[in-house]
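> No sequence on hand, only this structure:
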């Protein structure tokens, strides 16, 4: 089918979309609203809305403390095992706990202590800033014998692969990167960089926050050592839902969680006074899990597993290619730039479009056009494609409305307004 | 009124209880069930059940990403300010974040780094084990120049006040204790021990998990430096709901959170690559808060604040005294011991009763008698009094059923069964 820029063509694409029915699994409160921020906060699955009442009214309200024996205590590994299916890991290599940032802290401290003869952590300036902050905090804490090297991206879109490779040497302890970077959506070749790190005896730790549920992952095939990631984006786990961490099995007993709390203790209900780590991933738990936010992750995972990651990825590529073709035809002539990789093999499931008036266009989209993208400084309008519920018509409508904002100058009233948090 | 051990007397006490109506604010699914584990997991407030649907269906399902600007982002300090009212702190001295264990880690690491000339942490063997595990992990991490001294309780019920005082010297960095200890319910004199610590230049950090919502607290009057605590016990925040931390204002800028994530960053949505801590308590945040579990804390706080902490404490003392009188009359003759302080000024809101067959009596209570206490090794049946919803009749019925279990030997079938997690 040849590309066309009209709305009928979007409807034709929707009609032939084998995943179109999955949209019905989600709450769509306002059908006119175009939601392109599933890369920040995924939509509410209908099954989650139902489960919420069960967790709060029955499990908490009626079962009370017995809930701990009836599913809460084991939820971190039960839900972790489902995430494992999405990332090419074994069920007992993934656990859900805390936030992505705290999990990164635990793992990086553990690595530096397990490999004291190596001093350097490698990362890049495309990594999510919280990851960089955590690394800075660790260096501050553990002292000057450790350093972080932040490789500089060549063009703010693509990863600095050459520089990272050059900096891998016998002093490198760890290479840690966002697998899909948050601004441009650039995706690293995990297998290639992991092999390069391993050739120098360094480990790899991948932040999968913008990858999991968006691009197929096979941590085993890539040889990855560790991973972290969040569950509230493409996994649709709910606002701030807890994060996960992965450690390949043969590394699990070499790494020690520095934040040693009772949920990582052998037989925590014996209340021994001395900490003894429980074997396996569970010792990377610390405190009592936030059960409601934790349990609400599960229905979204089931929807994604039923849809199938390969089909989700195929649709994501079709949709992002379609969006980029619309950009070329309708938006590039108005000054929009493509701030994401053009090659779909290097691109996750969101597309960033730049514009000198990007922030004001974003505000007009949200406030006047019923389109919800998000915005990342300095000028990126981030359009997140969540194939489980994003339609081709959504994409067409969003582009049409963006075009209208610029053609009719609808963004001008927002110039000099303070930026909002998005 | 003279004490009587009959059920009519319990009903008379309920009839004259000025807080009796507050029980109607909670979901009571099974009126025959006696729930005495509010010190482990508080009941579900009816307002929380209503708020749950709003948070999930409207705030997440309809408002989507905009929820962050409509209350989620500020929830840690908004809810912290309500907790501040319960603990004698200013609104901007308390924030809600992560788990009690993780907050302890952050604060203790911060203290040891701020006061490097002092090496010793003082605590006791009545502290909640997770707190001890966290301290052990920190010593492991920061090296042998630091030590933890664990003072030994004289009788497993009362705190080792004498030993703690003896160990306070110019080398003591921090005194950290559970204000109300989890097994016996012993309550430390916070003002007295804080003054003793300050006399030697040491700081104090109080774990308020079993105190907040159970006993009146005035951190300012006591001169306390730091505190942590959980929200799922007497605050009725829901299973695993996030914890809080307090730092007195003039110490806030001297202590630095070692787990430096984006929620503690100045202007996190600028996505600067370098961490700059935001002033005040917010810099003790790390990752994205688990919004659903966080937001569900608020209705329970409102119920407690409306009831008034002084009235709650007065009822708690009446109820625990009543329980102890019933123990003396009905249970002591059957071999039950009082494993809590006899003096109500030294006792929180739970009472531990020991018995050589304690574990099996506990199992019979749960499985055959529709009473839910909890059990703490080696022999403690912990009876939690939550004055917001515990009635005098609940207490009377529980004691009657415990007596029946022993008199009729109903516990015997559980002997040699494996212990359950409670």
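Structure received. Small disclaimer: the values here were computed from a predicted structure and weren't measured.

> which residue ranges form the helices in chain A?
A:7-15, A:46-53, A:75-87, A:100-114, A:129-142, A:161-167, A:190-199, A:219-222, A:291-295, A:298-307, A:309-326, A:358-368, A:392-407 (DSSP state H).

> For residue A:281, find the nearest of these.
Taking CB to CB, helix A:75-87 is the member of these nearest to residue A:281, at 6.9 Å. (Glycine included, C-beta is placed from N, CA and C.)

> How about residues contacting the closest one?
The contact list for helix A:75-87 (CB atoms under 8 Å, 6 or more residues apart in numbering or on different chains) reads A:71, A:90-97, A:208, A:212-213, A:217-219, A:227, A:229, A:231, A:235, A:244, A:246, A:263, A:281-282, A:285, A:289, A:291, A:294-295, A:297-298, A:301-302, A:304-305, A:309.

> circling back: point out the most buried one among the helices of chain A.
Looking across the helices of chain A with neighbours counted as mean count of other CB atoms under 10 Å in any protein chain shown, the highest average goes to helix A:291-295: a mean of 29.

> Run the contact check for that helix versus chain B.
Yes: counting by CB under 8 Å from any CB of the partner chain, chain B is contacted by helix A:291-295 at A:291, A:292, A:293, A:294.

> Need the contact partners of that helix.
Contacts of helix A:291-295 (CB under 8 Å, 6+ apart): A:51-52, A:55-56, A:59-60, A:67, A:71-72, A:75-76, A:79, A:96, A:237-238, A:240-242, B:52, B:238-241, B:290-294, B:296.

> run the last query once more with 6 Å
Contact partners of helix A:291-295, identified using CB atoms under 6 Å, 6 or more residues apart in numbering or on different chains, comprise A:55, A:72, A:75, A:241, A:242, B:238, B:239, B:240, B:290, B:292, B:293.

> List the strands paired with the longest strand out of those in chain A, with their directions.
Identified as the longest strand of chain A according to DSSP state E is strand A:172-178. Under the criterion DSSP bridges, strand A:172-178 sits next to strand A:120-124 (parallel), strand A:203-207 (parallel) in its sheet.

> Residue of the stretch 51-200 of chain A nearest chain B, please.
Going by CB to the nearest CB, chain B is nearest to residue A:99 of the stretch 51-200 of chain A, at 2.5 Å.

> per-domain residue ranges of chain A.
Split into domains by automatic domain parsing, chain A comes to A:7-31+A:308-414, A:50-305.

> So which bits of the stretch 1-150 of chain A are right by chain B?
Residues of the stretch 1-150 of chain A lying near chain B by CB under 6 Å from any CB of the partner chain: A:27, A:29, A:37, A:40-41, A:44, A:49, A:52, A:56-57, A:60-62, A:65, A:67, A:69, A:72, A:99-102, A:105, A:125, A:129-130, A:132-133, A:136-137, A:141.

> which of the residues of helix A:291-295 next to chain B lies closest to residue B:150?
Using CB to CB, the residues of helix A:291-295 next to chain B come closest to residue B:150 at residue A:291, 30.6 Å.

> number of nearby residues for the closest residue to chain B within the stretch 151-300 of chain A?
Nearest residue of the stretch 151-300 of chain A to chain B, counting by CB to the nearest CB: residue A:287, 2.5 Å away. By other CB atoms under 10 Å in any protein chain shown, the residues close to residue A:287 number 26.
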